[in-house]
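[1] A predicted structure for the sequence below; I have some questions about it.
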Amino acid sequence: MNEESAHYWQHPALPGVDLLRAHYVRHSFGKHTHDGYVLASITAGVEAFHYRGGLEVAPAGSVALVEPDRVHTGHAGVPDGWSYQVLYPSSAQLASVAAELGAAPGSPGFGTAVVHDDELTRLVQQTHRAAEQNQVLAASTFLRLALARAVRQHSSQRLIRSAAGGVLGAATAARDLLVARLEEPPTLEELADAVGARPFPLLRAFRETYGLPPHAWLTQQRVRTARAMLDTGASPADVAVAVGFVDQAHLTRHFRRIMGVPPGAYRRVRKNVQETIGRSPAG
């Protein structure tokens, strides 16, 4: 694939974070810096970049970590170029996550510029995917988990205290809020603020109470609500909008994953069952 492409954007659920999805072959970045951090998941090919006095090589499956105000470049490491998905969080955002995890004061630094971390790769890509699908709770959750993973596993700073803390009743309150805001759920940060908790303790408490993180529980609740609406004869297109999915295709993907059949087929079966019951003679 020799055709270059780039999509640089922001999402309201990720304030202060730039996102880039791109494929470069001939393009090269001259010496430059960023105000914030760079987390770049290489999805194909190889990127090479000069950084901290040496040449770094980032192959597919790796994540490049660049600190604020560090001069670096960027160019193809193989003839076919490279593709990547990039997060550009601000210095304040990463410092906030680090502080919540118990890191020593100051901006986190990374001892290694290119890391091979399947979990971090997955989280960066999930952040992109959720933002592209306008899943605000999932996008904000995956972003925070990606930053936390980077700090925990790759920061050169030592964690000096535990970030654990009790969240009495917060999980239940968060669940009730998600039910009430099924169509327009809050971000993880907004959800935590609303129930008087911090994001990571809330994530732990919610998972322990309901077996899933809030964004995954929200998807299941949406499918559960969609099922009840389909039982009344509502169309899949109307149901998708009513429960907060982006479109019918988005509903279909999650409905089939959880229920085993697409919503249209489910609705037809339920309609046939109800009609059969309606025609049954009284006993």
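    Cool, the structure landed.
[2] if you skip the residues just before and after it, what's nearest to residue 264?
    Nearest non-adjacent residue to residue 264, counting by C-beta to C-beta, 6 or more residues apart in numbering: residue 236, 5.4 Å away. Backbone N, C-alpha and C define where each C-beta goes, glycine included.
[3] Provide a list of residues in contact with the one you found.
    230, 248, 251-252, 262-264, 267 (C-beta atoms under 8 Å, 6 or more residues apart in numbering).
[4] Check residue 234 too.
    residue 242.
[5] Just the helices from this protein, written as ranges.
    For the chain, applying DSSP state H gives helices covering 91-101, 118-132, 136-154, 170-180, 188-194, 199-210, 214-231, 236-242, 248-259, 263-279.
[6] Compare the mean pLDDT across these and name the weakest.
    With a mean of 63, helix 263-279 has the lowest mean pLDDT of the helices of the chain.
[7] Tell me the spacing between residue 131 and residue 12.
    Separation of residue 131 from residue 12 (C-beta to C-beta, to the nearest Å) stands at 9 Å.
[8] if you count what's nearby, which of those two comes out ahead?
    Neighbour totals were compared for residue 131 and residue 12, and residue 131 leads with 24 against 10 (other C-beta atoms under 10 Å).
[9] Can you tell me how far the more buried one is from residue 124?
    For residue 131, the distance to residue 124 - C-beta to C-beta - is 11 Å.
[10] so where's the stretch 1-150 of the chain shaky on pLDDT?
    Residues of the stretch 1-150 of the chain meeting the criterion pLDDT under 70: 1.
[11] Where do the strands of it begin and end?
    In the stretch 1-150 of the chain, strands defined by DSSP state E, counting those that start in this stretch lie at 5-10, 18-24, 29-32, 38-51, 54-59, 63-66, 72-76, 82-88, 114-115, listed in chain order.
[12] In TSV: those, plus distance to residue 201.
    Formatted as TSV, the strands of the stretch 1-150 of the chain follow (distance: least, C-beta to C-beta, whole Å):
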stretch	distance to residue 201
strand 5-10	28
strand 18-24	27
strand 29-32	38
strand 38-51	24
strand 54-59	34
strand 63-66	26
strand 72-76	35
strand 82-88	23
strand 114-115	27
